[in-house]
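Enquirer: sharing a sequence plus its predicted fold:
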Amino acid sequence: MTRNTRDWDESDVRIRPNKKGSRPRTKDRPAYEDALIGRIITVDRGRYRAILDEDTAQERIVIAARARELRRNPVVPGDFVALVGDTSGEPDTLARLVRIEERSTLLRRSADDTDPVERVVVANVDQLVIVVAAANPEPRTGFIDRAIVAAFDAGIRPLLCVTKADVRDPEPFLENYRHLDIDIIISRTTDETATGIDARSADGLSALLSGSPVEELRTMLAGRVSVVIGHSGVGKSTLVNALTSAQRATGNVNAVTGRGRHTSSSALALRIDNAPNGSWIIDTPGIRSFGLALVDPENILNAFDDLVPIANACARGCTHKPSEPKCALDAWVASGEAGPVGIARLDSFRRLLGQDETAEAKELGAP
Ligand SMILES: Nc1nc2c(ncn2[C@@H]2O[C@H](COP(=O)(O)OP(=O)(O)OP(=O)(O)O)[C@@H](O)[C@H]2O)c(=O)[nH]1
């Protein structure tokens, strides 16, 4: 006779001693209905740091280990997870992570030469902040396009943040993005000490960032969870520090993560200062690529709401690429109804569609 699963606790997980059959059977797993739900902020060598009772007086960081039955399931920053056992967050305690809640979005890093496995990077993010420098290092449209495709495909809103506009005018290269519906923030350093935001970079030096672009970005990130990507040296750390500085100044970052940021090699969720509850930014050191192998063209098309009704006339299975003999988007241009803006939008759409064509295009850093 089966017991009511409500009576079960974690000790009811049946672990069979047999080597081959050590995973508990699905039907025997308890539901953990009394588990607490937390947000994963970072993962470090098999230990998961979750924030519990967020934005309440009981808020605490709990360190957890993954339950045996989840060992094949990646848990990443941004995940909401169910925790049982000691969830006090007291020093030297360890909770047990027993379930990953359903994810609203998921970003994957593509396989590359050194790592053949496609890995999950972050979960449940609303926005992808793509940071590029106007110069030093040079901006690469390939990198940006692939990141935009990855975001559209995952149902995440992309934002483009151009740094170092004090070094070079970014407008000529931004022409490539004016026909996409994405917000662009242009950041620069300033001499105005009264309005500038002093932010430390990854190398420990300070840069005085012009205040208004940082505030514009802060507004766009308000109340949302965003992930930030960019090549080394573009000023990503400087920007993230400008948005999360109060935590660092008060030393909370170390309390939260247990280590200094520059030693961090995994993604890390940080709370944005002077922003409403639930405003988080996830920094992704060293992550330069996203999986584009299985991009669905319809997901890209959906980001171009003016093209959707036109493309509805296409035959089923039309990829909308220029090679399609009867794509309704070509007929629209030929009829003269598209106009110059429509033509530019179609060009942008097709440029993004082309991003999944070659194997090396999977690597965001490819020139
Ligand atoms: N001129 C100028 N320099 C900037 C700007 N933003 C950042 N920098 C400088 O660019 C350098 C690199 O900045 P970081 O923030 O460390 O760059 P990063 O992208 O985090 O680099 P990694 O940590 O290597 O990934 C630092 O010396 C910054 O002070 C800017 O808007 N203008």
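Expert: Perfect, thanks for sending it. Numbering: from 1, shown residues only.
Enquirer: drop to CA atoms for contacts and neighbour counts, all remaining ones
Expert: Will do.
Enquirer: Ser348 against Asp181, yeah?
Expert: No. Using CA atoms under 8 Å, Ser348 makes no contact with Asp181, being 10.5 Å away.
Enquirer: who's more crowded, these two?
Expert: Taking Ser348 and Asp181 together and counting by other CA atoms under 10 Å, Ser348 has the greater number of neighbours (19 against 14).
Enquirer: state the phi and psi torsions of that one.
Expert: The phi and psi torsions at Ser348 (degrees, to the nearest 10) take the values phi -60, psi -40.
Enquirer: list the contacts for it?
Expert: Remark: with contacts taken as CA atoms under 8 Å, 6 or more residues apart in numbering, Ser348 is in contact with Asn176, Tyr177, His179, Leu180.
Enquirer: let's see 10 Å
Expert: The contact partners of Ser348, by CA atoms under 10 Å, 6 or more residues apart in numbering, come to Asp145, Asn176, Tyr177, Arg178, His179, Leu180, Phe304, Gly342, Gly354.
Enquirer: is it possible to mark the buried ones in those?
Expert: With neighbours counted by 16 or more other CA atoms under 10 Å, the contacts of Ser348 contain buried members at Asp145, Tyr177, His179, Phe304, Gly342, Gly354.
Enquirer: need the residues of this structure near the ligand, please.
Expert: Residues of the chain found near the ligand, taking CA under 6 Å from any ligand atom as the criterion, are 163-164, 166-167, 187-189, 201-203, 205-207, 231-238.
Enquirer: name the helices or strands packed onto the one helix or strand Phe143 maps to?
Expert: When elements are assigned from DSSP states H and E, Phe143 belongs to helix 141-154. Applying 3 or more CA pairs under 10 Å, 6 or more residues apart in numbering; DSSP states H and E, one finds that helix 141-154 contacts strand 106-109, strand 127-133, strand 157-163, strand 225-230, helix 297-301, helix 339-353.
Enquirer: one more pass at 7 Å, please.
Expert: In this structure, helix 141-154 packs against strand 157-163, helix 297-301, with contacts taken as 3 or more CA pairs under 7 Å, 6 or more residues apart in numbering; DSSP states H and E.
Enquirer: quick one, which of the residues of the chain next to the ligand are buried?
Expert: In terms of neighbour count (16+ other CA under 10 Å), the buried residues within the residues of the chain next to the ligand are 163-164, 187-189, 201-202, 207, 231, 234-238.
Enquirer: pick out the lowest-pLDDT one from these.
Expert: Lowest-confidence member of these: Ala202, scoring 70 (pLDDT).
Enquirer: got phi/psi on that one?
Expert: Note on Ala202: backbone dihedrals following degrees, to the nearest 10 are phi -60, psi -30.
Enquirer: hmm, it is touching Ser237, no?
Expert: Yes. Ala202 sits in contact with Ser237 when judged by CA atoms under 7 Å, with a separation of 5.6 Å.
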